[in-house]
Structure formats: structure tokens, C-alpha cells
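Asks: Structure for the following, please:
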Amino acid sequence: MSVAPRVYILGGSQTDFERKWSREGKELFDLFSETLQGGLEATDLDPSDIQSAHVGNFAAELFSNQGHLGGFFAQAAPELRGCPASRHEAACASGSMALLAATAEIEAGRYDLVCVLGIEMMRHQATIDAARFLGAAAWVDHEFTHTPWVWPAVFAEIMDEYQERYGLNEDFLSEIARHNFYNARANPNAQTRRWQLTDRSFGRESEENPLIEGRLRKYDCSQVTDGGAIVFLASRSKAEEYATQRGISIDELPYIKGWGHRTTSLSYRDKFQETIEGGYLFPQVHQCFLDAYRRAGIKEVTEIDGLETHDCFSITQYMAIEHCGLTKPGEAWRAIEGEWVTKSGHFPVNPSGGLMGLGHPVGATGVRMLLDASKQTRGTAGDYQIPNAKNWMTYNVGGSTTTSAAFIVGRD
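Replies: All right, here's what the predicted structure looks like:
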């Protein structure tokens, strides 16, 4: 099999996830436009440089009564009238689907510079309505019909499944939450960077950390967020041209070394029919990571310097720690107890703050993760930079692991 052409990351930007756009009298298009303009300014690109554009978004029709988001590119920048644009949806993995489509265009030689923008605006809706809209990523009217809080209920059941199969000390979930919220304090775009949290905020019996569903508590959960993220991807020839014009070496630009993408049944309960006794809880998630390693030419997870992973709930990050191969099935607690996954550990996870601390604008999350991976490997992550990061990985989930996507980003 021939080696796919390299896809370089020229850079990008994200909005401040603390902002509530409706409070400023702004709508979805304003968020889109500012995300696009911010990315162009951050990379010193002109709209006319973009040859193709992709947007990742889950539920604009539900939250904002707006579809057909590809048309927002030309609406925001007249230079993009006539530029091909597409919208992609896979629940919380929508941004990663947009990235996969964009990389395929570059690998196929169709275009040399492609824009990928992820976006979601959710905070203008009542909490109960937002929960119902987000529940559309489950198997509607077939599962979890007993509660309006579909996703807390799903991941509370995953906690129960871990408890039954392997045993689960919930204090380790509290440590995941504590680390993510702590890491967010160093991120100038984090939704929770100004929050005043104490040890009681993460206590399993604390009034400050009440139960939401099952054994899942308030600070086990990620945020409902307004936000956008954008990256610009390029072929080698375009990346060389970009680097030369700016007086830098192409070797300073990270590229996508490998990727994984797996999809399984929509039903949460059907997923466990695929599980082998004593194996990974979600085998398709483990395979997604293995696919990314294989394509990147990586033999062991130890060749990765860190991970930006989906922590819609603390148990999701717990699951990802073992499914990426860092520990055996059911033993993610070893990495948490040993502090392997802290910012100073040998496998840092979510130095950005993750979905818990940084925020989770659903359609933007996969794009934001890739942006942070490129920052880490380029050494531009600022106060949450991990020293000497060469290879960085992302893992993005849609639904109850119905969709899984992983990227490995690095430099030679």
C-alpha cells in the first residue's frame, strides 16, 4: 500500500469558550464569522487562499433553527463565493468528521489548502431543552426514555458496567475532574478558568458535587458551551510555499501522521455484544487507536507524548486512558494513581483542560483538539505547553462511542 501524502497544519485559532454569545446579542452566524476571521488573522492567510472549506456541527437546526452551514463561509467572506463547502455531522465527533473529509481532499490531490471550522452555539437554550437536543445523538424513543438527562444516564450506566466487570473506585474519577479543571486555569480560552473550586467541589459525598444520574455527579460532567475552532490544512507544496513566505522552515509545521475512524451501532446496549470477556469494554474504540498507530508507523503508545481526549464525563476519560493501550482493560486507575496522566507525568492528558475545564461546543471539539495537538508539537501552547512534545494524539467520541476518531499529530 502506498504512503499517503502528508497533510500539514498551518495553524488556526479558537474563540473564548467562556463567552455566552446570546448575552452579547449575537447569533450563530456571528460566532461562525468571528471564528473564521480569527483563524485567518492567526495564520496570516487571506480568504482567497482557501480552496475548499468544511464545517463540523451537530445540532444547529435544533439549537438555532439553522441548517446549510456551508453557506456561512461565503456569507462571512465574499472572497469565498464559489468555494466548495460542506457540513459534517456525527454528534460530538462532528468536527473530526470534517477533518477527515478535508484531509482526504488533500491526499487525493484535489486541493492544496483546506479550511476546517467547528462550531456549536448552545447556551441560549434552557437546560432541559439543550439536554433534549443533545439526546438526539442517542437512539431516540428506543433507549433511555425514562429520563430527560440522556447522556448523564448513559455514562452513569458505563460507570455501573465498569463496576460490575472490573470494580471502580470513584475517587479516581474525581482525580480526573480535579486535574482537568486545574489545567483549565492556565488556558486563556477556557470556560471555567475563573471558577473558584475547592476540594469539596470534587468530593463524592459533598453537597457541592450533587448526584445528577446514578452515581454520576456534577463535576463528573463537561460543560454546555458556545464556541468555534478552526484549522487550516495544506499539502506539502502549499506548506513549503507558506513557510518560505514567512521565513520559517517547513519542519516547524506539524502534520497529521495517522488517523483512526470507527463506527458501530447506534444502540448503547448493542455495543456490549461486541465485547470479549476480559477485553476492552468498547473494542471498536481500541481498534480506532490501533488504526491511528498503524498509519503513523507507531508501535507503542509510549511513542506518544500526550493525549487530548474526550472527557464529556470523567468515565469517558477513564475509558480512553486504557483503550489507547496505556493500561490493560479495567486498569486505568493505575495511570491515575501513578500520576502518569498529569501535566508533569510521562503521558499528560488534557493539559488544555479538556471538555470539562476548557468547554465542549459539540461540533467544535474535534477541531479544537487537533488545534491543541498542533500547538503542543509546535511549542506554541503557552502556559499549558508540555516540554519536548513531538507526537500528540487526539480522541473524539460521538454518542455512546458510536463514532470514534483519533489523530496523531507531530513533527519529524
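Asks: Spell out the secondary structure type for the closest residue to residue 185 other than its chain neighbours.
Replies: Excluding the flanking residues, the one nearest residue 185 by Cβ to Cβ, 6 or more residues apart in numbering is residue 193, at 5.5 Å. For every residue, glycine as well, the C-beta is placed using N, CA and C. Classification of residue 193 by DSSP: H, G, I helix; E, B strand; the rest coil places it in coil.
Asks: give me every residue that touches residue 193.
Replies: Residues in contact with residue 193 (Cβ atoms under 8 Å, 6 or more residues apart in numbering) are 18, 184, 185, 186, 187, 353, 357.
Asks: again, only this time at 7 Å
Replies: Residue 193 sits next to 18, 184, 185, 187 when contact means Cβ atoms under 7 Å, 6 or more residues apart in numbering.
Asks: what's the answer for residue 303, then?
Replies: Each residue near residue 303 by Cβ under 7 Å, 6+ apart is listed here: residue 391.
Asks: what's the distance between it and residue 390?
Replies: The gap separating residue 303 from residue 390 is 9 Å, by Cβ to Cβ, to the nearest Å.
Asks: okay if I get the contacts of residue 193 as a markdown table plus pLDDT and secondary structure?
Replies: Shown next, in a markdown table, are the contacts of residue 193 (pLDDT from 0 to 100; DSSP: H, G, I helix; E, B strand; the rest coil):
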| residue | pLDDT | secondary structure |
| --- | --- | --- |
| 18 | 98 | coil |
| 184 | 98 | helix |
| 185 | 98 | coil |
| 187 | 98 | coil |
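Asks: Now the two most distant members of those.
Replies: Taking Cβ to Cβ as the measure, the contacts of residue 193 span a maximum distance of 12.3 Å, between 18 and 185.
Asks: any idea where the strands of this protein begin and end?
Replies: For the chain, the strands defined by DSSP state E occupy 8-14, 52-56, 85-88, 113-120, 211-213, 216-217, 227-234, 255-263, 306-309, 391-398, 403-410.
Asks: Can you tell me which of those strands is nearest to residue 67?
Replies: strand 85-88 (7.9 Å).
Asks: strand partners of the closest one, parallel vs antiparallel please.
Replies: Here strand 85-88 is paired, per DSSP bridges, with strand 52-56 (parallel).
Asks: Send me the partner strand as CSV with only the CA atoms.
Replies: Written as CSV, here are the backbone C-alpha positions of strand 52-56 (Å, rounded to 0.1, in the frame of the first residue of the first chain):
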residue,chain,number,x,y,z
SER,A,52,-12.2,24.2,-0.1
ALA,A,53,-14.0,24.5,3.3
HIS,A,54,-15.6,22.2,5.8
VAL,A,55,-17.7,22.8,8.9
GLY,A,56,-18.4,20.4,11.7
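Asks: I'd like to know the average pLDDT value across it.
Replies: Across strand 52-56, pLDDT averages out at 98.
Asks: buried stuff in that strand?
Replies: By neighbour count on 16 or more other Cβ atoms under 10 Å, the buried set for strand 52-56 is 52, 53, 54, 55, 56.
Asks: Any chance of JSON lines for those, columns distance to residue 171?
Replies: Listed next are the buried residues of strand 52-56 as JSON lines, based on distance: Cβ to Cβ, whole Å:
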{"residue": "52", "distance to residue 171": "48"}
{"residue": "53", "distance to residue 171": "45"}
{"residue": "54", "distance to residue 171": "41"}
{"residue": "55", "distance to residue 171": "40"}
{"residue": "56", "distance to residue 171": "35"}
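Asks: quick one on the thing from earlier: take the strands of the chain and write them to JSON lines, including distance to residue 321.
Replies: JSON lines is the format used below for those (distance: least, Cβ to Cβ, whole Å):
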{"stretch": "strand 8-14", "distance to residue 321": "24"}
{"stretch": "strand 52-56", "distance to residue 321": "25"}
{"stretch": "strand 85-88", "distance to residue 321": "27"}
{"stretch": "strand 113-120", "distance to residue 321": "24"}
{"stretch": "strand 211-213", "distance to residue 321": "22"}
{"stretch": "strand 216-217", "distance to residue 321": "18"}
{"stretch": "strand 227-234", "distance to residue 321": "24"}
{"stretch": "strand 255-263", "distance to residue 321": "16"}
{"stretch": "strand 306-309", "distance to residue 321": "8"}
{"stretch": "strand 391-398", "distance to residue 321": "10"}
{"stretch": "strand 403-410", "distance to residue 321": "14"}
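Asks: Looking at these, spot the one closest to residue 380.
Replies: strand 8-14 (8.3 Å).
Asks: Check which helices and strands the closest one sits against.
Replies: helix 28-43, strand 227-234, helix 236-245, helix 365-378 (3 or more Cβ pairs under 7 Å, 6 or more residues apart in numbering; DSSP states H and E).
Asks: hmm, try it at 10 Å
Replies: With contacts defined as 3 or more Cβ pairs under 10 Å, 6 or more residues apart in numbering; DSSP states H and E, strand 8-14 has these neighbours: helix 28-43, strand 113-120, strand 227-234, helix 236-245, strand 255-263, helix 365-378.
Asks: Redo those as TSV? Include mean neighbour count and distance to residue 386.
Replies: Shown next, in TSV, are these (neighbours: other Cβ atoms under 10 Å; distance: least, Cβ to Cβ, whole Å):
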stretch	mean neighbour count	distance to residue 386
helix 28-43	20	21
strand 113-120	29	23
strand 227-234	29	19
helix 236-245	16	24
strand 255-263	22	17
helix 365-378	29	6
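Asks: Out of those, which is closest to residue 71?
Replies: helix 28-43 (10.0 Å).
Asks: Determine which of the helices and strands packed on strand 8-14 approaches residue 141 most closely.
Replies: Closest among these, using Cβ to Cβ: strand 255-263, at 21.1 Å.
Asks: Alright, that wraps it up for me.
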